[in-house]
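Visitor: coordinates only, sequence not included:
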């Protein structure tokens, strides 16, 4: 069985000698974040999932995860990972070489941020392009565009026949 002492020997040795710093730099921020997340989720559950919805006034987010607004959990996961990275950087201030030990966490954080915001950018670009296509090329609608040939081969064949 692998222990934390084997994985992070410098960090463990440092915090064994400084237990109050360990509490204030690691445990307290994590507990604070957990309380904030629980209050946030409880508020959302009361407002959306268990809200006073009726047949005349249905929940607009009924088909989303737990009846909450779209992107709630994705944003919460992003913020939680950001918070963990901030806590690890606080530990890095006190323990030299800690960031080298946490390299994989930093890489996963960078990749998650890149994919998260990259996906959002591509979503906005594609939705903007659809609206541009309907105005620039005179399409009746984006779903049923008029056929416009963009291939030079089709244009030559049609010109030779007609």
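Guide: The structure has been received and is ready for your questions. Being a predicted model, the structure only gives us computed values, none of them experimental. Numbers count the residues shown, from 1 in each chain.
Visitor: ok, residue 12 to residue 87 distance?
Guide: Remark: distance between residue 12 and residue 87 (Cβ to Cβ, to the nearest Å) = 16 Å. To be clear about C-beta, it is placed using only N, CA and C from the backbone, and glycine gets the same treatment.
Visitor: mind showing which ranges of the chain have poor pLDDT?
Guide: Across the chain, the ranges flagged by pLDDT under 70 are 1-8, 10, 128-162.
Visitor: Repeat the analysis, applying 80 as the threshold.
Guide: For the chain, the stretches with pLDDT under 80 are 1-19, 21-23, 25-26, 90-102, 105, 109, 112-113, 116-162.
Visitor: biggest helix in it by residues?
Guide: The single longest helix within the chain, with elements called by DSSP state H, is helix 103-136.
Visitor: okay, residue 12 and residue 87: which has more neighbours?
Guide: residue 87 (18 against 15; other Cβ atoms under 10 Å).
Visitor: hmm, back to that, for the longest helix of the chain, enumerate the helices and strands it packs against.
Guide: Counting contacts by 3 or more Cβ pairs under 8 Å, 6 or more residues apart in numbering; DSSP states H and E, helix 103-136 packs against helix 72-94.
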